[in-house]
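**Q** Below are the sequence and a predicted model; questions follow.
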Amino acid sequence: MIDIDDPADPRLDNFRDLNSSDRRPDLPEGKGLVIAEGVLVAQRLIDSRFEPIAFLGVERRRAELADDLVGVDAPFYRTSAEAMAEVVGFHLNRGVLAAAHRPPLLDPLEVIEHARTIAVLEGVNDHENIGSIFRNAAGLGADAVLFGDRCADPLYRRAVRVSMGHVLRVPFARVPDWPRGLDTLRRAGFQIIALTPNPAAVPLAKAMTGERVAVLLGAEGPGLTEHAMRATDVRGRIPMAPGTDSLNVATAAAMAFYERARMTP
């Protein structure tokens, strides 16, 4: 533990200007760090493959993390709430931040090796939706998330926060050569389902027939591209009440995960 009173101390640079579009350390074009906010997310960072390099927080939060920090080889910079707000650029109610370097991306074959249910995303570029999808995956037993084209960064600070740290725990990887790379899933025995609001699609519960299932989800509005849907085995839909046609993409993912959980012995 290291006490720091001066917000300008360079040792705090990994946490500086988190609301600045051109200097943020959690952007790939910045330092590319993973930033975890709050005690629970910091605990999940510690208990993940992401190795912490530093913590910044007030005494109360340090005390709450004391047991988790045993054996962690990273400094905890203890400061006041006022100094912390000056460093990060806003008042942080959660009172603690953790920073980690990004490890190498996982191999998709490694990610799916023992998986039974996975989500595959195309064009999902909203960080809150991505964070929610990871939280839903963790809560409803989905095993992994794969990314196709045009998806937002899952390790962006807001995505990590909204996921409640589950983006650090649920494995993810990128599908190469999109969407041809979906053949990798098919060869591994996955039934690939494109989720669409098209009324001609099969109701989701009936569409899920495989022992291993990959559910494709697209961005809100445009949805999945036709090119991606042609690479799947079946098009499934969530039955909707009259006058509505679709759900938020994270909610749709939760419905698909729940359907799998409900069908699994």
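**A** Done, it's in.
**Q** quick one: the strands in this protein?
**A** 2-3, 34-37, 52-57, 76-78, 96-100, 117-122, 144-147, 172-174, 190-195, 202-203, 212-218, 234-237 (DSSP state E).
**Q** Low-confidence stretches in this protein?
**A** Within the chain, the segments meeting pLDDT under 70 span 20-30, 265.
**Q** ok, which stretches of it are helices?
**A** Using DSSP state H, the helices of the chain run over residues 39-46, 59-64, 66-69, 81-88, 108-112, 127-140, 157-162, 183-187, 204-207, 226-230, 249-263.
**Q** mind saving the C-alpha coords of the second one as PDB?
**A** Below are the C-alpha coordinates for helix 59-64, written out as PDB (Å, rounded to 0.1, in the frame of the first residue of the first chain):
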ATOM      1  CA  GLU A  59      -9.200   3.400   2.500                       C
ATOM      2  CA  ARG A  60     -12.700   1.900   2.900                       C
ATOM      3  CA  ARG A  61     -12.400   0.000  -0.400                       C
ATOM      4  CA  ARG A  62      -8.900  -1.100   0.300                       C
ATOM      5  CA  ALA A  63     -10.100  -2.600   3.500                       C
ATOM      6  CA  GLU A  64     -12.900  -4.400   1.700                       C
END
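**Q** what sits up against it?
**A** Contacts to helix 59-64, defined as Cβ atoms under 8 Å, 6 or more residues apart in numbering, come from residues 1, 39, 55, 69, 76, 78, 94, 95, 96. Using the backbone N, CA and C atoms, a C-beta is placed for each residue, glycine as well.
**Q** cool, and stretch 208-218?
**A** The contact list for stretch 208-218, computed with Cβ under 8 Å, 6+ apart, reads 115-124, 133, 146, 148, 182, 185, 188-195, 224-225, 228-229, 232-233, 236, 249, 252-253, 256, 259-260, 263.
**Q** Show me how to select, in ChimeraX, the buried members of those residues.
**A** Entered in ChimeraX, the line below selects the buried ones among the contacts of stretch 208-218, by 16 or more other Cβ atoms under 10 Å:
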select :115,116,117,118,119,120,121,122,123,124,133,146,148,182,185,190,191,192,193,194,195,224,225,228,229,232,233,236,249,252,253,256,259,260
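**Q** thought residue 100 was touching residue 53?
**A** Yes: taking contacts as Cβ atoms under 8 Å, residue 100 lies within contact range of residue 53: 5.9 Å.
**Q** who's more crowded, these two?
**A** Each of residue 100 and residue 53 has its neighbours counted (other Cβ atoms under 10 Å); residue 100 has more, 22 against 15.
**Q** Next, the contact list for the more buried one, please.
**A** If you count contacts by Cβ under 8 Å, 6+ apart, then residue 100 has 33, 34, 36, 45, 50, 51, 52, 53 around it.
**Q** The first one reaches residue 14, doesn't it?
**A** Yes: contact between residue 33 and residue 14 holds when scored by Cβ under 8 Å: they sit 6.0 Å apart.
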